[in-house]
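Enquirer: need coordinates for the following:
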Amino acid sequence: MSKRRIRVLIAKPGLDGHDRGAKVVARALRDAGMEVIYTGIRQTPEMIAEAALQEDVDVVGLSILSGAHMALCPRVVELLRQQGMGDVPVLVGGIIPDEDVPALRAAGIRGIFGPGTNTQDIVAFIRRELALQEPEAGER
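Expert: Residues are numbered from 1 along each chain as shown. Here you go, the predicted structure:
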């Protein structure tokens, strides 16, 4: 039986209209064999969580440069949990000040990637995160 490709939702929450980084990451994930759903710019947390549910994704990646990460990113995690998708890793890329990282991690953000991150590091992170969720042989 073949394994299903990793499905990743890439979204731009809030009013930030700069999406070059999101598109670069989306391309890198596709090149690595993942299936990528890109929702486009100016998405609400509710729109992102609904798309994640409808698309049955394994990972949600948020790209944010506007400074609204402390409000928008935890809200996406909260909405995913409400939909029974609390095990779906949420990653954030963009301009994230170091002092905000602990609060984002406490809110459930699993990966935080700043400008200049090598896209292969993001690919490897996703694969590691999902491997940690795989049941052991014989386990259900």
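Enquirer: in its sheet, what does whichever strand or helix holds Ile112 sit against?
Expert: For Ile112, the host element (DSSP states H and E) is strand 109-113. Strand 109-113 has its sheet partners listed here by DSSP bridges as strand 90-94 (parallel).
Enquirer: that older thread, next secondary structure after the strand holding Ile112?
Expert: helix 119-133.
Enquirer: that following helix: which residues count as buried?
Expert: 119, 122-123, 125-126, 129 (16 or more other CB atoms under 10 Å). Just so you know, the C-beta spots here come from the backbone N, C-alpha and C atoms, and that holds for glycine as well.
Enquirer: least trustworthy helix or strand in the protein by mean pLDDT?
Expert: helix 119-133 (a mean of 93; mean pLDDT, DSSP states H and E).
Enquirer: which residues are contacting that one?
Expert: Contact with helix 119-133 is made by 6, 8, 24-25, 28-29, 32, 34, 58-59, 61, 87, 89, 91, 93, 110-111, 113, as judged by CB atoms under 8 Å, 6 or more residues apart in numbering.
Enquirer: show me those residues that map onto helices.
Expert: 24-25, 28-29 (DSSP state H).
Enquirer: and the residue positioned nearest the centre of the chain, how far is that from Glu99?
Expert: The centre of the chain sits closest to Gly61, judged by CA atoms, centre = their mean, with a distance of 2.0 Å. Gly61 sits 22 Å away from Glu99, going by CB to CB, to the nearest Å.
Enquirer: name all residues that make contact with the nearest residue to Val101 once chain neighbours are set aside.
Expert: Leaving out its chain neighbours, the residue that sits closest to Val101 by CB to CB, 6 or more residues apart in numbering is Ile112, at 5.7 Å. Counting by CB under 8 Å, 6+ apart, Ile112 makes contact with 91-93, 96, 101, 104-105.
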